[in-house]
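S.K.: return a 3D structure for these sequence lines:
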Amino acid sequence: MLIAVRYDLSDVKLAEALDDRASFRRFCGFAAQEPTPERTAFVRLRRQLVARGLDQVLFAEVTEQLKAKAVKVKTGTLVDATVITSASEQDQDARWSGHQRRRAIHGYKAHVGADADTAIVERVSVTPGNAHDGRSGEGALPDRPGTVFADSAYRSQLFATAVRIRGGVPHVVQTSIWAHQDDRTAVRRLRDWNNSIHRVRCRIEKIFGTWKRSLWVTPHALARTG
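M.R.: Numbers count the residues shown, from 1 in each chain. Here you go, the predicted structure:
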């Protein structure tokens, strides 16, 4: 699964790569002629990790090892949320999540905090789908987050306070600014501020893309890692 994340591989592509690439075989401890797992084995493995309560242990251990190997000092955190569709509308824990430009989805939200430089996921918190990002984002904040980059959904005093309590500095996309009506300088400052955040914050979209293509699991499994 580490290889799948590193090279953005689906279960099918990972099974093919393990069967074909000698370097992947060596990394996973397979001999040259030894059979490698087929794609459904990865699905069963993820389910067993959750059932045995090992997903959270492995998540923490891998994160700490990767952080220990990082050369750069932590400078910031990316915070965002993605919607997880429930398996059934009969799921009593899920809620409808609406969006003005998309159809409503019955499910959950995964609130994620990732290192701004390495994109290593450090915190995951799962809430019902109707939870407000600004009021739920605290669960995605790691200790000592540094500069926290987030979109306008996190434009709340509650989130800003949670960031500062941990010694961080909130950098949140703004939708308006106090200024005189004809103050073009203020408009430029607002645009520059938001662009500086977008350039960094957009890195978290690759994390969500990888999850949905390669590693998507149930909301309950994600909740255990939070």
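
S.K.: and the longest strand for this protein?
M.R.: strand 102-115 (DSSP state E).

S.K.: gap between that one and the chain center?
M.R.: Computed by C-alpha atoms, centre = their mean, to the nearest Å, the chain-centroid distance of strand 102-115 equals 10 Å.

S.K.: repeat that for stretch 43-63.
M.R.: Per C-alpha atoms, centre = their mean, the centroid offset for stretch 43-63 relative to its chain is 17 Å.

S.K.: quick one, phi/psi of P35?
M.R.: Dihedral angles of P35 (phi, psi; degrees, to the nearest 10) stand at phi -60, psi 140.

S.K.: follow-up on the earlier one: partners of the longest strand of the chain in the sheet?
M.R.: strand 76-85 (antiparallel), strand 95-99 (antiparallel), strand 121-128 (antiparallel) (DSSP bridges).

S.K.: how about the first one: buried residues?
M.R.: By 16 or more other C-beta atoms under 10 Å, the buried positions in strand 76-85 come out as 76-85. (Each C-beta comes from the backbone N, C-alpha and C, glycine too.)

S.K.: quickly list the domain ranges of this protein.
M.R.: 1-52, 73-225 (automatic domain parsing).

S.K.: so where is this structure shaky, pLDDT-wise?
M.R.: 1-2, 5-8, 59, 63, 66-74, 99-100, 179-182, 212-226 (pLDDT under 70).

S.K.: remind me, longest helix of it?
M.R.: Using DSSP state H, we find that the single longest helix of the chain is helix 184-201.

S.K.: and the helices in this protein?
M.R.: Using DSSP H, helices in the chain cover 2-7, 11-20, 22-28, 39-51, 55-69, 133-136, 157-165, 184-201, 204-210, 219-225.

S.K.: dump these to a markdown table, plus mean neighbour count and distance to H171.
M.R.: Listed next are those as a markdown table, based on neighbours: other C-beta atoms under 10 Å; distance: least, C-beta to C-beta, whole Å:
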| stretch | mean neighbour count | distance to H171 |
| --- | --- | --- |
| helix 2-7 | 14 | 26 |
| helix 11-20 | 16 | 36 |
| helix 22-28 | 13 | 37 |
| helix 39-51 | 14 | 34 |
| helix 55-69 | 13 | 21 |
| helix 133-136 | 18 | 14 |
| helix 157-165 | 16 | 9 |
| helix 184-201 | 13 | 5 |
| helix 204-210 | 16 | 13 |
| helix 219-225 | 18 | 26 |
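
S.K.: which one of the ones you listed lies nearest to Q92?
M.R.: helix 219-225 (12.4 Å; C-beta to C-beta).

S.K.: distance of R201 from S136?
M.R.: Distance of R201 to S136, computed by C-beta to C-beta, to the nearest Å: 17 Å.
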